[in-house]
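[1] Sequence and predicted model, in that order:
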Amino acid sequence: MKIAKDTLSFILEVSRSSVPLEFAGMLQATGDIITDVVIVPGTESSEESAVMQLFMLPNISTIGTVHSHPSGNRKPSSFDLELFDRKGMYHIITGAPFDMSSWTCYDVKGEKIRLEVVEYDFKEENENW
Ligand code: ZN
C-alpha cells in the first residue's frame, strides 16, 4: 500500500493546526494509493473521545483510520488497538512536531507497517469528474 504525498502533507497540516485537540479521520484509497481523508467532525480533546468518534462513523468505504497524538508519542493506546481491529487495514498515527516523518502506519494488530509515499496527480483525477 502507498500514500499520496499531498494527502500525507494534508494530514500532517490538519494534525498540526488541530493542536491542542486531536484530529481524526478515515482513509480512502484510489487503487493501492491512499488519496483521501474523510475528516470526522467535532473530534474532542482526549485520546478516548477521538477514537470514539471514529467508532461512531457509519461503515463508509474506507481502508483505515488516521488520528493525531499531540503529545508526540505515536504508540497506539489500548483504545487505538480496539479501533484498528474494527475499522480497516491501515491506521496512521501522527504526532508532534507533525513534519513529514512524524507519522507511523500500523496494521490491525498494532504492528508497524511501511507505507510508500508516492507522487499522485490529483489534477488528472479531477478532470474526469
Ligand atoms: Zn491514539
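    Received the coordinates, thanks.

[2] the strands in the protein, which residues?
    2-4, 24-30, 33-39, 64-69, 90-95, 103-106, 112-113, 116-118 (DSSP state E).

[3] Looking at the residue in the chain that the ion sits nearest to now. What's its pLDDT?
    Nearest residue of the chain to the ion (Cβ to the ion) works out as D80 at 4.1 Å. The C-beta positions use only the backbone N, C-alpha and C, and glycine is treated the same way. Listed pLDDT for D80 reads 94.

[4] so the longest helix anywhere in the chain versus strand 64-69, what angle?
    Looking across the chain with DSSP state H, the single longest helix is helix 5-18. Helix 5-18 and strand 64-69 are oriented at 40 degrees to each other (axes from the mean of the first three to the mean of the last three Cα atoms, to 10 degrees).

[5] Please list the outside residues in contact with helix 5-18.
    23, 25, 34-37, 39, 43, 66, 68, 70, 92, 94, 96-100, 102-103, 117-120, 122 (Cβ atoms under 8 Å, 6 or more residues apart in numbering).

[6] Stretch 27-45 and the ion in contact?
    No - figure legend: stretch 27-45 not in contact with the ion (Cβ under 5 Å from the ion); closest approach 11.4 Å.

[7] May I see the buried residues of that stretch?
    Neighbour counts over stretch 27-45 (16 or more other Cβ atoms under 10 Å) mark L27, Q28, A29, I33, I34, T35, D36, V37, V40, T43 as buried.
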